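> Here is a sequence with its predicted model. Questions after.
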Amino acid sequence: MIVNNSRQTQTDALLHIAVVGHTNTGKTSLIRTMLRSTEFGVIEDAAGTTRHVEQATISADNTPVLNLYDTPGLEDSRALFAHIKKLQAKSATLRPPQILEQFVTQVTVNDPLEQEAKVIRQVLRSDILLYIIDVREPFLEKYRLELEVLTRAGKPIIPVFNFIASHERELEKWREYLSSYQMHATLEFDTVAFAFEAEKRLYQKMQSLLESHYNHLQKLIDYRAKLWNQLCLSGARRIAELIAQVACYRESKTVNNHLIAHTLLEDRLQEFVRKAERQCLHDLLTIFNFSEKDVAIQNIPVSNGQWQLDIFAPGILKAYGLDVGSAAAKGAAAGAGIDLMVGGMSLGAASALGALAGASWSTFRRYGDEIKATVKGTKWQCADETTVQILYLRQKHLLKKLMHRGHAAQDMLHVDKADTEKLPDQWQKMISTLRQNPSWHEPSPARNGNAQFQELETKLVAALLDA
């Protein structure tokens, strides 16, 4: 008995929200977007897709806060209103909510108003109503009659304007109509062109209308805001990881490689870059709970570049604990035993290596083979500057699209050009730093704990989120 009472108390504490409106206005779409899930309900262009009341729960930190009820569309508001008026004439002493109660008890299975009765029954059981409006539709009599019926329930109503993009004039007319019903707590919430701030304002309007649920809703607002920020940050970090992965990647190439070897090397590089972007796309879709069918992305045009390590580049010198103006950087202080390692190198090359080895022998042992190969003329095949730029711009464009895509959207995102996006400040310097640190190609404790990498990642993430 104690367990049952506890469950009953928890259920009673939940906020019950009926999502109502005419057929095909976006009721199921709204709930999908609030849940950030494409799995809830069925969305079709045909009217009357939802035939029964369906429930979904939204929680904060595993604590249920509210239940959303997706209701069938009100298809025959004229007949519904006429029926309610007849009941009112017969029972003049009953209050409006009691008239609605009488209506739902009288409607039987296969009654022409059975669907409307399902809606009214859930309305009476709920704490607040979200009345979904497709602003592309004119304010016809059917909407006026629906509002006449719904207001009789005595429940707070928040009109929610859907499909508002590029329909400013229609939206303004709807506001004017609703003001005549004393409905001023309206909300713009486009279920296709999503904005997190709209979701936040929805909960805030509920707070203003339902004081007893204020604290629970505030907990939900804070939790959802934290969760949303984490999603966006995770997306940006995943793209930063892609840029590091591709910019650091390289294949060794020497003058002795024959033509077939060069071709195979180029094919391997191109496949690596394309596979890396496809995996990043998959991960981004997973983060925002979308699927592959939501996005169409063309194969990135990968160009091959040649890159040679600059021993005295600032990034390399910093790795050795040197600065550009140091005597060691100018080739002085040759380290002992260099001749045994450099073989047939020139005296100048040996002196350069000696300068670095003398500065930090342990660091030289780690990078020595790479530097020797560079001095001997080895080059590396890598994704060129244009390829890395396209990767960044396309993924930034995709991230913005996913952050503003409602889970009710049916159109496919096309990611090709991203002419509206910009490269971050100091882009060339960041890519140069990545090139000079090929060991950052894959995540590792050493890389992730490196202050220079952390600074670079922070700048990339900030640019991706326009922070």
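Yep, it's here. Numbers count the residues shown, from 1 in each chain.
> OK, contacts around the spatially most central residue of the chain?
The C-alpha lying nearest the average C-alpha coordinate of the chain belongs to residue 403 (Cα atoms, centre = their mean; 3.7 Å). Contacts of residue 403 were listed using Cβ atoms under 8 Å, 6 or more residues apart in numbering, and they are 194, 196, 232, 235, 288. For glycine as for every other residue, the C-beta is placed from the backbone atoms N, C-alpha and C.
> any idea how far residue 430 is from residue 389?
The gap separating residue 389 from residue 430 is 12 Å, by Cβ to Cβ, to the nearest Å.
> Comparing those two, which residue is more hemmed in?
Under the neighbour definition other Cβ atoms under 10 Å, residue 389 and residue 430 were set side by side, and residue 430 has more, 23 against 16.
> Next up, phi/psi of that one, please.
In terms of degrees, to the nearest 10, the main-chain angles of residue 430 are phi -70, psi -40.
> Now it. Nearest residue, chain neighbours left out?
Of all residues beyond its chain neighbours, the one nearest residue 430 is residue 456 (5.4 Å), with distances taken as Cβ to Cβ, 6 or more residues apart in numbering.
> which residues does that neighbour contact?
With contacts defined as Cβ under 8 Å, 6+ apart, the neighbours of residue 456 are 244, 430, 433, 434.
> what about the residue nearest to residue 114 when sequence neighbours are not counted, how many residues close to it?
Excluding its sequence neighbours, the residue lying closest to residue 114 (Cβ to Cβ, 6+ apart) is residue 107, at 5.9 Å. Applying other Cβ under 10 Å, we find 18 residues neighbouring residue 107.
> pLDDT value on residue 107, please?
Per-residue pLDDT puts residue 107 at 88.
> Please report how far it lies from residue 83.
Summarising the geometry, the distance separating residue 107 from residue 83, computed by Cβ to Cβ, is 9 Å.
> Residue 188 against residue 167, yeah?
No - applying Cβ atoms under 8 Å as the test, residue 188 and residue 167 come out as separate, 10.4 Å apart.
> Next step: the contacts of residue 403 restricted to helices.
Judged by DSSP state H, helices contain the following of the contacts of residue 403: 196, 232, 235.
> could you redo the residues you listed as a markdown table and give each row distance to residue 65?
Shown next, in a markdown table, are the ones in helices among the contacts of residue 403 (distance: Cβ to Cβ, whole Å):
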| residue | distance to residue 65 |
| --- | --- |
| 196 | 17 |
| 232 | 22 |
| 235 | 25 |
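> Buried members of those residues into ChimeraX, please.
Selection command for ChimeraX covering only the buried members of the ones in helices among the contacts of residue 403, criterion 16 or more other Cβ atoms under 10 Å:
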select :196,232,235
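> tell me the least confident of the ones in helices among the contacts of residue 403?
For the ones in helices among the contacts of residue 403, the model is least confident at residue 196; its pLDDT is 91.
> how about that residue, what does it touch?
224, 225, 228, 403.
> Can you go through the residues you listed and name the buried ones?
Buried residues within the contacts of residue 196, defined by neighbour count using 16+ other Cβ under 10 Å: 224, 228, 403.
> any idea how far the last one is from residue 193?
This points to residue 403. Taking Cβ to Cβ as the measure, residue 403 falls 11 Å from residue 193.
> same deal with residue 20?
Taking Cβ to Cβ as the measure, residue 20 falls 22 Å from residue 193.
> same question, residue 220
Relative to residue 193, residue 220 is positioned 23 Å away (Cβ to Cβ).
> try residue 202
In this structure, residue 202 and residue 193 are 15 Å apart, going by Cβ to Cβ.
> Likewise for residue 13?
For residue 13, the distance to residue 193 equals 34 Å [Cβ to Cβ].
> repeat for residue 62
If you measure residue 62 against residue 193 using Cβ to Cβ, the figure is 30 Å.
> Mind checking which of these two has more residues around it?
Neighbour totals were compared for residue 62 and residue 193, and residue 193 leads with 15 against 6 (other Cβ under 10 Å).
> does the more buried one really touch residue 406, like I thought?
Yes - the pair residue 193 / residue 406 is scored as a contact, 6.7 Å apart, by Cβ under 8 Å.
> before we move on, the earlier item: out of the buried ones among the contacts of residue 196, which are inside helices?
Secondary-structure check on the buried ones among the contacts of residue 196 using DSSP H: residues within helices are 224, 228, 403.
> Next up, the contacts around the second one.
If I follow you right, that is residue 228. For residue 228, the residues meeting the contact criterion (Cβ under 8 Å, 6+ apart) are residue 196.
> For residue 403, see how far away it is.
When distances are taken as Cβ to Cβ, residue 228 and residue 403 turn out to be 9 Å apart.
> can you check the first one too?
Using Cβ to Cβ, residue 224 is found at 14 Å from residue 403.
> The stretch 201-350 of the chain: strands as residue ranges?
If you assign secondary structure with DSSP state E, counting those that start in this stretch, the strands in the stretch 201-350 of the chain sit at 251-253, 295-297, 304-307.
> actually the stretch 1-150 of the chain, not the one I typed
Listed from the start of the chain, the stretch 1-150 of the chain has strands (DSSP E, counting those that start in this stretch) covering 15-20, 54-60, 63-70, 128-134.
> Any buried residues in the longest one, and which?
What it means is strand 63-70. Going by neighbour count (16+ other Cβ under 10 Å), the buried part of strand 63-70 is 64, 65, 66, 67, 68, 69, 70.
> By pLDDT, give me the weakest of the contacts of residue 196.
The member of the contacts of residue 196 with the lowest pLDDT is residue 403, and it reads 92.
> and the protein, what are its domains?
If you go by automatic domain parsing, the domain ranges for the chain are 12-209, 232-464.
> between those domains, which gets the lowest average pLDDT?
Out of the domains of the chain, the stretch the model trusts least by mean pLDDT is domain 232-464, with a mean of 72.
> Determine how far the last residue of it lies from the first.
10 Å (Cα to Cα, to the nearest Å).
> when you give positions from now on, start the count at 13
Sure, I'll start numbering at 13, so the last one becomes domain 244-476.
> Can you redo the domains of the chain as JSON lines, where the extra columns are distance to residue 228?
Output for those, formatted as JSON lines (distance: least, Cβ to Cβ, whole Å):
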{"stretch": "domain 24-221", "distance to residue 228": "5"}
{"stretch": "domain 244-476", "distance to residue 228": "24"}
